[in-house]
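Q: compute the structure for the input listed below.
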Amino acid sequence: MRFIEELKKLDFPQDKFAVFGSGCMAIRNLRENKDIDILVREDLWQELVKNHSLNEKGQIEIGNIEVCRKIIHLENVDKLIDDADIIGGLKFVRLDYLLEWKRKMGREKDIKDIKLIEEYLKNKRPDIGVAVIVLNEKKVLMCERYAPDKKSTWWSFPGGRMEFGESFEDTAIREIKEETDLDIKIINKNPVAVTNEIISKDKHHITLFLEAIPISGELKIIEPDKFMKFEWFEWNNLPQPLSPQAQNLIKQRFSPLT
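A: Okay, the predicted model is just below:
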């Protein structure tokens with residue numbers, strides 16, 4: 001995606017803006033963007049207008065970045081920012097919202113974009129991951145992981161996405177080694193639980209849970225950009241806040257000790 005580093009250098013607060021327009025398509029490799037449009041909250045807009053003049057469209061131009069507070073056919077900019085997907089630490093307006101707006105605009109370029117977005121959403125498939133419940137003397141291993149906004153953290157079970165051609169067991173063993181340097185033995189090759197998180201029309205996660213025990217290695221953080229710490233907890237005293245996948249597992253009243 002073009003100009004992404006230019007946007008990052010502006011160092012706007014992450015919860016105060018979201019990328020809109022062609023940037024939302026470029027980040028998903030649907031087409032190139034010629035610039036980056038961003039929607040901002042009122043307080044950030046008021047700060048910016050103190051130091052920047054408005055163009056003929058009532059927007060602020062900072063290099064290749066166009067800053068907008070109001071756009072025709074957009075009634076609630078703050079909701080679009082609130083509901084935006086976080087990709088690479090930046091917020092991008094959801095494609096279903098962008099699709100609705102482009103249908104209202106109806107320009108020639110919108111018609112082309114509508115077809116691209118509809119085809120993308122139609123062919124979009126869930127991300128499938130494996131989480132591992134590593135058991136050791138009636139305690140489970142939890143990781144404090146950076147949330148998608150890269151500022152807050154939540155606690156989850158270690159694991160990650162399946163790679164093409166892997167079995168559940170392959171993914172579990174690989175991910176635990178990559179994240180913790182532990183070697184593990186899978187207790188049961190079949191998943192002991194499954195969670196299904198439909199976050200938006202553009203984001204859908206399925207997580208398969210496997211149980212395992214450590215057999216060798218020293219627990220350590222291999223990827224400090226992703227994790228704050230690893231700790232062992234009793235099942236009835238798990239840390240907070242939990243990731244969406246961990247929360248949904250608990251709601252199923254699952255227990256690895258039964």
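Q: and residue 255, how many neighbours does it have?
A: Per other C-beta atoms under 10 Å, the neighbour tally for residue 255 reads 10. C-beta here means a position set from N, CA and C on the backbone, and glycine is covered the same way.
Q: what does residue 185 give?
A: Residue 185: 11 neighbours (other C-beta under 10 Å).
Q: now swap in residue 250 and tell me
A: 14.
Q: look up the closest residue to it, ignoring the ones flanking it.
A: Nearest residue to residue 250, sequence neighbours excluded (C-beta to C-beta, 6 or more residues apart in numbering): residue 242, at 7.0 Å.
Q: check residue 256 too.
A: Spatially, and ignoring its direct neighbours in sequence, residue 256 is nearest to residue 133 (5.1 Å; C-beta to C-beta, 6+ apart).
Q: show me what the helix or strand containing that neighbour pairs with in its sheet, parallel or antiparallel.
A: Assigned by DSSP states H and E, residue 133 belongs to strand 127-136. Taking DSSP bridges as the criterion, strand 127-136 sits next to strand 139-146 (antiparallel), strand 159-161 (antiparallel), strand 203-216 (parallel) in its sheet.
Q: for the residue nearest to residue 256, name its beta-bridge partners.
A: Beta bridges link residue 133 to residue 211, judged by DSSP bridges.
Q: ok, now which ones touch it?
A: Contacts of residue 133 were listed using C-beta atoms under 8 Å, 6 or more residues apart in numbering, and they are 140-141, 157, 192, 209-212, 256.
Q: turn those into TSV, including neighbour count.
A: Below are the contacts of residue 133 laid out as TSV (neighbours: other C-beta atoms under 10 Å):
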residue	neighbour count
140	19
141	22
157	23
192	14
209	24
210	26
211	19
212	23
256	16
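Q: report the two of the residues you listed separated the most.
A: Spatial extent of the contacts of residue 133 (C-beta to C-beta) is set by the pair 141 and 192 at 15.2 Å.
Q: next, the buried residues of the top helix by length along the chain.
A: Longest helix in the chain by number of residues, with DSSP state H as the criterion: helix 108-123. For helix 108-123, a neighbour-count test (16 or more other C-beta atoms under 10 Å) marks 110, 113-114, 116-117, 120 as buried.
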